[in-house]
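*Asks:* Pasting a predicted model and its sequence here:
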Amino acid sequence: MPGLRNLFRTPWSSDARLDDKTVLITGANSGIGKETALDLAKRGARIIMACRDMERAQAALKEVIDGSGNQNVVTMKLDLSDTKSIREFAEAINKEETKLNILINNAGVMVCPYGKTADGFEMQIGVNHMGHFLLTHLLMDLIKRSAPSRIINVSSMAHTWGTIKLDDINSEKAYDKKAAYSQSKLANILFTRSLAKRLQGTGVTVYSLHPGVVQTELWRHLSGPQQLMMRMVSPFTKTPVQGAQTNIYCAVEPALETESGGYYSDCASATCSNAGKDDNVAQKLWDLSCQVLSISWDETPPQE
């Protein structure tokens, strides 16, 4: 399994500070999102924890403040399965925040039973891709004004099994929960690639990553045999703290200041699938995403 061989190597570490920086993390109430929030709070950043479940968010907020000693941490409600919630959240951020230096699109759903978002998207493509695509679009002006700034999209090695079904993006003709998850994670990588091209010269850099096979609540929708398999390999999986390291690496590593559009794993540059490098599909996914979200994202990539 890719990445397992690196679990026990000397971990990446950095004493980089984020004083006077603002960081927004989606899905920050548990798992690697919460651990990322805790680490970046210790580095002095203002942390905005964007969460769907505000009761759990309050408990996570206390953990992050107590664990970091940083009082400049807040929670805000964000439901990525509802574009109305995303627009209200982004409006509040744009009104209340003077800068946004790091956006970490971390929240996600995994191999869930078939369901649809409030706007009719299949849940996994809707939350994992469409929700973050819209959120990033709505916050882009603020992110640009805050440059140098970074956008981090949490993908997965599952993207290697993914195919973008442009004619059935919502899996309405046939639904396989693992295939739909892989499609959404491939979409994260293609979005990163497209966005990086469009942001050349702006001071905004973009990264996608595989956090590792992490022991988180995302496992809750796995079937019996899959749960058994994950329990068998669990000694070789990552804890949320370990899983958060590549998030943190992409957020703070100075060497990445001149890189954009790449894919990372185990705190290092990694190779994504050939499908993740397909600029033709990436452009078609970009156009489709804008169409179904009823937005116009005017930035165009520079001419080769």
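*Replies:* Happy to help now that I have it.

*Asks:* C-alpha only now, for contacts and for neighbours.
*Replies:* Will do.

*Asks:* Which residue ranges of the stretch 51-200 of the chain form strands?
*Replies:* Along the stretch 51-200 of the chain, the segments classed as strands by DSSP state E, counting those that start in this stretch run 73-77, 102-105, 149-154.

*Asks:* Touching the second one from outside, list them.
*Replies:* Just to be clear, that refers to strand 102-105. By CA atoms under 8 Å, 6 or more residues apart in numbering, the list of residues contacting strand 102-105 from outside reads 21-26, 132, 143, 149-154, 247, 251.

*Asks:* State the mean pLDDT of it.
*Replies:* Mean pLDDT, taken over the full extent of strand 102-105, equals 98.

*Asks:* Partner strands of it and their direction?
*Replies:* Within its sheet, strand 102-105 is paired with strand 22-26 (parallel), strand 149-154 (parallel), according to DSSP bridges.

*Asks:* and of those, who's closest to Leu288?
*Replies:* Using CA to CA as the measure, strand 149-154 is the one of the strands paired with strand 102-105 that comes nearest Leu288, at 18.9 Å.

*Asks:* how about that closest one as CSV, C-alpha atoms only?
*Replies:* What follows is the C-alpha trace of strand 149-154 in CSV, where atoms were taken according to Å, rounded to 0.1, in the frame of the first residue of the first chain:
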residue,chain,number,x,y,z
SER,A,149,-1.5,32.7,-0.1
ARG,A,150,-2.2,29.0,-0.5
ILE,A,151,-5.1,26.8,-1.3
ILE,A,152,-4.9,23.1,-0.3
ASN,A,153,-7.3,20.5,-1.6
VAL,A,154,-7.3,17.2,0.3
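
*Asks:* Make a markdown table from the strands of the stretch 51-200 of the chain and add mean neighbour count to it.
*Replies:* Supplementary listing: the strands of the stretch 51-200 of the chain in a markdown table, determined by neighbours: other CA atoms under 10 Å:
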| stretch | mean neighbour count |
| --- | --- |
| strand 73-77 | 19 |
| strand 102-105 | 27 |
| strand 149-154 | 26 |
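
*Asks:* Quick check: buried residues in stretch 276-284?
*Replies:* By neighbour count, and taking 16 or more other CA atoms under 10 Å as the criterion, the buried residues in stretch 276-284 are 276-277, 281-282.

*Asks:* Which secondary structure element is home to Trp12?
*Replies:* Take DSSP states H and E as the rule and Trp12 turns out to sit in neither a helix nor a strand.

*Asks:* Helices of the stretch 101-250 of the chain, residue ranges please.
*Replies:* In the stretch 101-250 of the chain, the helices defined using DSSP state H, counting those that start in this stretch lie at 123-125, 132-145, 177-198, 224-233, 240-243, 245-252.

*Asks:* Can you lay out those as TSV showing distance to Lys165, mean pLDDT and mean neighbour count?
*Replies:* Listed next are the helices of the stretch 101-250 of the chain as TSV, based on distance: least, CA to CA, whole Å; pLDDT from 0 to 100; neighbours: other CA atoms under 10 Å:
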stretch	distance to Lys165	mean pLDDT	mean neighbour count
helix 123-125	11	98	30
helix 132-145	17	98	19
helix 177-198	8	97	25
helix 224-233	25	48	12
helix 240-243	29	86	21
helix 245-252	28	97	24
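
*Asks:* For Ser208, find the nearest of those helices.
*Replies:* Each of the helices of the stretch 101-250 of the chain was checked against Ser208 via CA to CA, and the shortest separation belongs to helix 177-198, namely 5.9 Å.

*Asks:* Surely Ile125 is in contact with Ser182?
*Replies:* No. Distance between Ile125 and Ser182: 9.3 Å, which falls outside the contact criterion (CA atoms under 8 Å).

*Asks:* Lys34 is nearest to which of the strands paired with strand 102-105?
*Replies:* Across the strands paired with strand 102-105 (criterion: CA to CA), the nearest stretch is strand 22-26, sitting at 8.6 Å.
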